[in-house]
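Trainee: Sequence first, then the predicted structure:
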Amino acid sequence: MPTATGATIVAVADGSPAFDVGVLPGDELVAVEGRPLRDVIEYRVLTDAAEVSLDILRDGLELSFDVLKAEGVPLGIEVASAVFDAVRTCDNHCEFCFIHQLPPGMRQSLYLKDDDYRLSFLYGNFTTLTRFTEWDLERVITEGLSPLYVSIHATDPEVRSDLLRNRRGAMSLRWLRALLDHGVEVHGQLVVCPGLNDGAVLADTLAGILDSYPELTDVAVVPLGVSDHNTEIRMRPHTVEEATAVVELVEEWQGIYSELLGHRMVFAADEYYLLANRPFPAPVTYGEFGMHEDGIGMVRAFEAEFAGHAETGIGVQPGFFAWVDGAPATGYRAPRGEPAAAGACGVAVGLPAAASSGLESPVRLGPSKSAPVGILTGGYGARVLAPLVESLGRDDVRIITVENRWFGGNIAVAGLMVFDDVATTLSEQPEGHRYLLPDVCLSQGRFLDGGLPDDLPRPVEIVATDGIALREALTMGSSK
């Protein structure tokens, strides 16, 4: 019997094939078809067959179950983690790493720094490839693990090595070349640190991408985030002039890429346009908004949704900490705005966040649907929402900016709002009003600092982070 791999089963769907043979929550999935499993990717491949043999460890007892089902039908179990062996941790020491800037008092899992290509495939995490191997390349190719997301930061070997503070950073982009040679879809990212890889270095990097990696699907240029807990003296926020220079350089290179490759390739994050106080590019610039999850074109998409120019909302994925708290859903990227999360096998198990954590939510009477509305958001969100709310011509809707004291620094995105800051802000607001909270700041129903929305000093309505959901929430109960 193989040694248990750590694939703990947290839920079994009623009436599913696994339920019918007696698999229970709390069981440890040791092997499928006699093969120990490394991750949910292997699990999906091995359990697609019509006949599946499971090795289970239950309270120290070794059990075997033979499951008969239709080919391709999921087993109906949800596992606790997407990776069963061990997350490949990052051995870089990047000065700009946000994990190093987290305050104390958060959930311990948030402090784990990964550089795992499997999490890149499953959740869109960015990997530097400094721990990538020939064996990894073979698996990516043979199992079709595409797309992947690669942190480039600079194409000059010495600059990249300095940024990553890892000698392997100078050569690890050879794996990027290998991935592209084998037809793997790869999305790139450049985190720009003022004075280190902006200006002439950024221009050199964009030229290097054209020369060496023109098959990249796209490249996101994102600004450095600096919290109050940063200890690296070289790290500082952009000035308005520096942000403007980045935007202008990106737009210049969009023209070059368009002429030579037929598409824009590189995009500056929405945050850059806010930092530079410049208008956002036209919606057509972003095509199908393929880089939405990386903060590219998010504002234009939201505006279109809010104005009723989009049939469905793109929404905002959990992003930075998405992989930490739970297994992925069908297609490996979990949907947002659903009361029940889909399991790793693609079956919705119907476990709301509070229920799955074993916590009971207190019953509180909410305000009237016709009550005044306060929209909770971060500093950047407030700037985006202000003209949209103003366009409604309503005097009963206001924006409530939640100052991010928890992280501090230049952190002002809604996705990093925490319970402590939201509670402080709400305590100063009147009772009886409706308060809308974007779901992007929650992971499995909890804030990053562990708090629950039900424990806030005012009842809140959790709204999917897209323009359609916000518009519908504002329309509810309104006669205007």
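Mentor: Received it, and whenever you're ready, just let me know what you need.

Trainee: Which helix or strand contains Pro104?
Mentor: Following DSSP states H and E, there is no helix or strand that holds Pro104.

Trainee: what residues are up against it?
Mentor: Residues in contact with Pro104 (CB atoms under 8 Å, 6 or more residues apart in numbering): none are found. (Glycine included, C-beta is placed from N, CA and C.)

Trainee: go with 10 Å
Mentor: Tyr111, His229 (CB atoms under 10 Å, 6 or more residues apart in numbering).

Trainee: right, and Thr285 touches Pro279 too?
Mentor: No. Applying CB atoms under 10 Å, one finds Thr285 not in contact with Pro279, separated by 11.5 Å.

Trainee: the more surrounded of the two?
Mentor: Shown here are Thr285 and Pro279; by other CB atoms under 10 Å, Thr285 has more neighbours (14 against 7).

Trainee: Mind pulling the model confidence for that one?
Mentor: You'll see Thr285 listed with a pLDDT of 91.

Trainee: Just say helix, strand or coil for it.
Mentor: Taking DSSP: H, G, I helix; E, B strand; the rest coil as the rule, one finds Thr285 in the helix state.

Trainee: how near is it to Gly169?
Mentor: 31 Å (CB to CB, to the nearest Å).

Trainee: Can you show me the helices along the stretch 1-150 of the chain?
Mentor: Ranges of helices in the stretch 1-150 of the chain, per DSSP state H, counting those that start in this stretch, are 17-21, 40-46, 117-123, 134-143.

Trainee: now swap in the stretch 351-480 of the chain and tell me
Mentor: Listed in chain order, the helices of the stretch 351-480 of the chain (DSSP H, counting those that start in this stretch) span 353-356, 379-391, 419-427, 467-475.

Trainee: quick one: low-confidence ranges for this structure?
Mentor: Applying pLDDT under 70 to the chain picks out residues 1-6, 311-366, 477-480.

Trainee: can you rerun that using 50?
Mentor: For the chain, the stretches with pLDDT under 50 are 1-4, 318-363, 479-480.

Trainee: so what are the domain limits for it?
Mentor: Under the assignment automatic domain parsing, the domains of the chain span 7-79, 105-296, 357-475.

Trainee: right, so of the ones you listed, which gets closest to Ala310?
Mentor: domain 357-475 (6.8 Å; CB to CB).

Trainee: Distance from the closest one to the middle of the chain?
Mentor: Chain-centre distance of domain 357-475: 19 Å, with CA atoms, centre = their mean, to the nearest Å.

Trainee: shift numbering so it begins at 43
Mentor: Happy to do that; since the first residue is 43 now, the last one works out to domain 399-517.

Trainee: Next SSE downstream of the longest helix seen in the chain?
Mentor: The longest helix of the chain (DSSP state H) is helix 282-303. Counting by DSSP H and E, the next helix or strand C-terminal to helix 282-303 is strand 308-310.

Trainee: gap between that following strand and the chain center?
Mentor: Computed by CA atoms, centre = their mean, the chain-centroid distance of strand 308-310 equals 18 Å.

Trainee: That strand - contacts with which helices or strands?
Mentor: Strand 308-310 sits against strand 228-234, helix 241-254, strand 260-265, helix 282-303, with contacts defined as 3 or more CB pairs under 10 Å, 6 or more residues apart in numbering; DSSP states H and E.

Trainee: let's see 8 Å
Mentor: strand 260-265, helix 282-303 (3 or more CB pairs under 8 Å, 6 or more residues apart in numbering; DSSP states H and E).

Trainee: Give me the sheet partners of that strand and which way each runs.
Mentor: strand 260-265 (parallel) (DSSP bridges).

Trainee: Please write out the alpha-carbon positions of the strand it pairs with in CSV.
Mentor: This file holds the C-alpha atoms of strand 260-265, laid out as CSV (Å, rounded to 0.1, in the frame of the first residue of the first chain):
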residue,chain,number,x,y,z
ASP,A,260,0.8,38.8,-23.7
VAL,A,261,2.8,40.7,-21.1
ALA,A,262,1.4,42.6,-18.1
VAL,A,263,3.4,45.5,-16.7
VAL,A,264,2.4,46.1,-13.1
PRO,A,265,3.6,48.6,-10.5
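
Trainee: Would you mind pulling the contact partners of it?
Mentor: 194, 229-234, 244, 248, 251, 279-280, 285, 288, 292, 306-311, 313-314, 317, 332-333, 336-338.

Trainee: switch the cut-off to 7 Å
Mentor: For strand 260-265, contacts defined as CB atoms under 7 Å, 6 or more residues apart in numbering pick out 229-234, 251, 280, 285, 288, 292, 307-311, 313-314, 317, 332-333, 336-338.

Trainee: Please pick the buried ones from those.
Mentor: 229-234, 251, 280, 285, 288, 292, 307-311, 313-314, 317, 333, 336-338 (16 or more other CB atoms under 10 Å).

Trainee: Quickly note the distance from the closest residue to Gly420 other than its chain neighbours to Glu313.
Mentor: Excluding the flanking residues, the one nearest Gly420 by CB to CB, 6 or more residues apart in numbering is Ala456, at 4.3 Å. To Glu313, Ala456 is 12 Å away according to CB to CB.

Trainee: Also Pro321?
Mentor: The value you get for Pro321 to Glu313, if CB to CB is used, is 14 Å.

Trainee: Glu347 against Ile510, yeah?
Mentor: Yes. Counting by CB atoms under 7 Å, Glu347 does reach Ile510; the two are 4.6 Å apart.

Trainee: Need phi/psi at Ala196.
Mentor: Main-chain dihedrals, Ala196, degrees, to the nearest 10: phi -160, psi 150.

Trainee: Glu347 now?
Mentor: According to degrees, to the nearest 10, Glu347 has phi -60, psi -50.

Trainee: count of residues packed around it?
Mentor: 21.

Trainee: now swap in Asp127 and tell me
Mentor: For Asp127, using other CB under 10 Å, the count is 13.

Trainee: State the distance from the residue of the chain most remote from its centre to Asp69.
Mentor: Largest separation from the mean C-alpha position in the chain: Leu103, at 37.6 Å (CA atoms, centre = their mean). Separation of Leu103 from Asp69 (CB to CB): 10 Å.

Trainee: what does Ala60 give?
Mentor: With CB to CB as the criterion, Ala60 and Asp69 are 9 Å apart.

Trainee: Of those two, which one has the most company?
Mentor: Ala60 (27 against 22).
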